[in-house]
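Q: here's a sequence, model it:
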Amino acid sequence: MIIKSALAALPGLEEPRETDIRVEGGMIAEIGPALEAGSGEEVVDARGLLALPGGIDPHVHFDDPGYTEREDFFHGSCAAASGGITTVIDMPCTSVPPVTDAESFARKFTVIELEAVVDFGLFGGVSAQSFECGFPRAMEELADLVLGFKTYFVSGMESFGRLDHYRFRAVLEKARELGLPVLLHAEDYDYVRAATAVESGKGYGPIHYYRSRPETAEVLAALAAVRLAEETGADLHVVHVASAEVGEILGRAAAGRREPAGARGRVSAETAPHYLAFGLADFERMGAVLKCVPPVKGPGNRERLWELLSGGLLDFVASDHAPCRREEKHTGSIWTDYGGIPGCGTLLPYMVSEGYLAGRLSLRRLVEVTSENAARRYGLFHRKGSLAVGKDGDFALVDPKGSWTVRGADFFSKGKETPFEGARFRGKVVMTVVRGRVVYTAGKGITAEVGSGRLLRRGAVDFAAGYDTSAGTGAGT
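A: Residues are numbered from 1 along each chain as shown. Got it, this is the predicted structure:
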């Protein structure tokens, strides 16, 4: 394949550069002007189109195997492809059984490898149940298979219990030994439990749910996690940051742990488009359609989250894609309504529209927060995350002059209810390419062969530099 005359977001550039890109054997072989097409090479006319590195969504719940009435890997990965996402990383907790040892990993992989249309990685998990059978042996079994370990301070899943601080510290210590990051759902258990008991007796609306999990619940959890990570020297990543104060806490901790270089593990954090787009007033207006965990927060948070993201204190964005059936979203009480929204198909389009084209993010920062930094964080930068010779031929081709209106009914995901319903985004994904193969076009929809997505394995990571700076290391299967 040759992509001709694309406005390419090449590494380190603040403005796109018009160029051609040749892909051979699934990898980028050449970048330069006026490349000649060889016999049998497919030529994609990308004149006027923005060529971004394939998006990486490092936080999805595709619920497969197990809760496939909500989502499965085929529909979820199709949704990802439609939004320019070429790599997803699936969470371990919403599968049956949860991915907490090598056996459960194998059971999941044998199912999803037949369904994926984009490349994928998996996180392992450590739950309260892990300490009853298999800790720390199960972490050792998973170390060469997964990209990190997911944990919770507060969990609503019976099959994946929360960790107290003592057990979380034990996980940090073991993960440091294994050289893998620990991902944390950071809300304070004592605060949430006590506040829920009170607020659930007051009413059934969004304001009561918010008050059970306000900014303070996130702040308390983040402070405790940072302290434990500093004491153990472990590598900590906090997922779905909704509170701007938490972003500031984690950003300061990350900056402090870069010196002296390599002395201690890295602290990092992600946020999500729904935290950048919506606040408490929207939650009260929309109700369960916007219910997520943690909930969107009060005035001032989303504006500050944008500043933290553009300024580098938040590392990247992820969708936390977690759809459900309509009847699970509308039970009559915010306390029993399902907490999660479909998001992997709108992640990159939202960031292009409201980040780059709206002037909140430079082109370089757009690439970092939607692809590069997640690839670096999880040891995939030898394959993914930038348009460079030797990398996989993963692209999102976007028409910056196009626009489109979000309609949940058109989603490839099984989840059709979105808080972005009716929103008009500037910039339209017209083609998604994974390893040199077109998997989606705006005209034809999904064109990929089912099961063509590949499992990704972790490459070498240079923690002294903070991120993976290697090229050509590691292996994919």
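
Q: need the helices for the stretch 1-150 of the chain, in chain order.
A: Assigned helices in the stretch 1-150 of the chain, in chain order: 73-82, 102-112, 137-142 (criterion: DSSP state H, counting those that start in this stretch).

Q: from those helices, which stretch is densest packed?
A: Highest mean neighbour count of the helices of the stretch 1-150 of the chain: helix 73-82, a mean of 30 (counted as mean count of other C-beta atoms under 10 Å). The way it works is simple: take the backbone N, C-alpha and C, and place the C-beta from them, glycine included.

Q: chain center to that helix, what's the gap?
A: 14 Å (C-alpha atoms, centre = their mean, to the nearest Å).

Q: what is the mean pLDDT for it?
A: When pLDDT is averaged over helix 73-82, the result is 98.

Q: can you check stretch 268-279 too?
A: So the average pLDDT for stretch 268-279 ends up being 98.

Q: for residue 388, find the nearest of the helices of the stretch 1-150 of the chain.
A: helix 73-82 (21.9 Å; C-beta to C-beta).

Q: just for the protein, where's the confidence low?
A: For the chain, applying pLDDT under 70 flags the ranges 257-264, 460-477.

Q: swap in 50 and give it another go.
A: 259-263, 462-477 (pLDDT under 50).

Q: max-length helix in it?
A: helix 215-232 (DSSP state H).

Q: what's the offset of whichever helix or strand comes after that one from the middle of its chain?
A: Under the assignment DSSP states H and E, the closest C-terminal helix or strand after helix 215-232 is strand 236-238. Its chain's average C-alpha position is 13 Å from that of strand 236-238, according to C-alpha atoms, centre = their mean.

Q: can you list the residues that contact strand 236-238?
A: Residues from elsewhere that reach strand 236-238 (C-beta atoms under 8 Å, 6 or more residues apart in numbering): 148, 172, 181-184, 186, 222, 225-226, 229, 246, 250, 265-270, 377.

Q: show me what the next helix or strand after it is packed up against.
A: Going down the chain from strand 236-238, the next helix or strand is helix 244-256, by DSSP H and E. Counting contacts by 3 or more C-beta pairs under 8 Å, 6 or more residues apart in numbering; DSSP states H and E, helix 244-256 packs against helix 215-232, strand 267-271, helix 301-311.

Q: redo the ones you listed as JSON lines? Include mean neighbour count and distance to residue 453.
A: Listed next are the helices and strands packed on helix 244-256 as JSON lines, based on neighbours: other C-beta atoms under 10 Å; distance: least, C-beta to C-beta, whole Å:
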{"stretch": "helix 215-232", "mean neighbour count": "21", "distance to residue 453": "32"}
{"stretch": "strand 267-271", "mean neighbour count": "27", "distance to residue 453": "22"}
{"stretch": "helix 301-311", "mean neighbour count": "19", "distance to residue 453": "28"}
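
Q: indicate which one of these is closest to residue 317.
A: Nearest of the helices and strands packed on helix 244-256 (C-beta to C-beta): strand 267-271, 5.9 Å.

Q: report the inter-axis angle for the closest one versus helix 215-232.
A: 150 degrees (axes from the mean of the first three to the mean of the last three C-alpha atoms, to 10 degrees).
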